[in-house]
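Student: Sequence and predicted model, in that order:
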Amino acid sequence: MMLPVRLSPWHREEGTMAQVTKVKLFNGREMPMVGLGTWDIEEEALQVALETGYRHIDTAALYKNEAAIGGVLSRWLSQGRVAREDLFVTTKLPMIGCRADDVTKFLTSSLKKLQLSYVDLYLVHFPAGLKGKDEDDLRPVGPDGRSVLDRDTDLERLWKAMEEQVDAGRAKSIGISNFNSVQIERIMKCCRIQPANHQVEIHAFHQQKELRSLCHKHNITVCAYGPLGAPYKDEWTKQQPPLQHPAVTSLAAV
């Protein structure tokens, strides 16, 4: 299981840097088990993360920071501070792009912003489509304040378009995010190239054991987002953040 958290995946041992463990995907490619989730972070944070040793960078069209991330990565690559093969970059198809005919357009746009010729992993961000007014309308809502759903979303056709991104070399691996068990089984029944990874919320209070078991059955690696809890969601659910649990705070006080 991979944890895209804001913790250093490297540590110093007598002046050397020990690299974080990697997990092998079904296709033989390897993904660092600790990555930097870039939702709502500043460009400076990525710079510091790279200096610390992060090499797994996770972003999405929805985060609206691909261009900023691309600028930092481009400088590091052009200066020879890191080799492209040492980076593992993930980005995601936005909900307004959940149509087979739009996948290439949105991945090409992401690659241009990231200043890369390919991403290591491309995920379907959500298993439901939205109808936006244009490519910048990433969170479309109607007059009633509700999301404008695209009720014609076809996951099977969408996945075929995702497979074409691997064929074209724009993505080394493809995967899913926020899918449930039924949706995963639908993809597994139709796929030519199976999902390499499933990114989903997992933490101590939301362990997703059945979903993880299904992914294990199909050799789909699991990436946990919000592994220390998601404070922004706690405001909605009124759930106690894991890091504020008495068991944690008592240990921290020792």
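Tutor: Good, I have the coordinates. Numbers count the residues shown, from 1 in each chain.
Student: Identify the residues contacting the spatially closest residue to residue 106 that is not a sequence neighbour.
Tutor: Excluding the flanking residues, the one nearest residue 106 by Cβ to Cβ, 6 or more residues apart in numbering is residue 97, at 3.9 Å. The C-beta positions use only the backbone N, C-alpha and C, and glycine is treated the same way. By Cβ atoms under 8 Å, 6 or more residues apart in numbering, residue 97 lies in contact with 61, 103, 105, 106, 129.
Student: Next, the contact list for the residue most central in space within the chain, please.
Tutor: The centre of the chain sits closest to residue 58, judged by Cα atoms, centre = their mean, with a distance of 5.0 Å. Contact analysis of residue 58 by Cβ under 8 Å, 6+ apart lists 4, 35, 36, 37, 38, 90, 91, 199, 223, 225.
Student: Show me where the stretch 1-150 of the chain dips below the pLDDT cut-off.
Tutor: For the stretch 1-150 of the chain, applying pLDDT under 70 flags the ranges 1-18.
Student: for it, what spans make up the strands?
Tutor: Ranges of strands within the stretch 1-150 of the chain are 11-13, 16-18, 22-24, 30-32, 36-37, 56-58, 88-93, 121-124, 129-130, 149-150, based on DSSP state E, counting those that start in this stretch.
Student: In JSON lines, list those strands along with distance to residue 70.
Tutor: As requested, these are arranged in JSON lines below (distance: least, Cβ to Cβ, whole Å):
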{"stretch": "strand 11-13", "distance to residue 70": "28"}
{"stretch": "strand 16-18", "distance to residue 70": "25"}
{"stretch": "strand 22-24", "distance to residue 70": "24"}
{"stretch": "strand 30-32", "distance to residue 70": "19"}
{"stretch": "strand 36-37", "distance to residue 70": "15"}
{"stretch": "strand 56-58", "distance to residue 70": "10"}
{"stretch": "strand 88-93", "distance to residue 70": "9"}
{"stretch": "strand 121-124", "distance to residue 70": "15"}
{"stretch": "strand 129-130", "distance to residue 70": "24"}
{"stretch": "strand 149-150", "distance to residue 70": "28"}
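Student: Among those strands, which comes closest to residue 249?
Tutor: Residue 249 lies closest to strand 36-37 among these, at 23.6 Å (Cβ to Cβ).
Student: Going by contacts, tell me the helices and strands next to the closest one.
Tutor: The contact analysis (3 or more Cβ pairs under 8 Å, 6 or more residues apart in numbering; DSSP states H and E) places strand 36-37 against helix 43-52, strand 56-58.
Student: Go through the longest one and flag the buried ones.
Tutor: By that I understand helix 43-52. Buried residues in helix 43-52, defined by neighbour count with 16 or more other Cβ atoms under 10 Å: 46, 49, 50.
Student: Reformat the contacts of residue 58 as a markdown table; add distance to residue 23.
Tutor: Compiled in a markdown table, these are given as follows (distance: Cβ to Cβ, whole Å):
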| residue | distance to residue 23 |
| --- | --- |
| 4 | 12 |
| 35 | 11 |
| 36 | 16 |
| 37 | 16 |
| 38 | 20 |
| 90 | 13 |
| 91 | 19 |
| 199 | 13 |
| 223 | 9 |
| 225 | 15 |
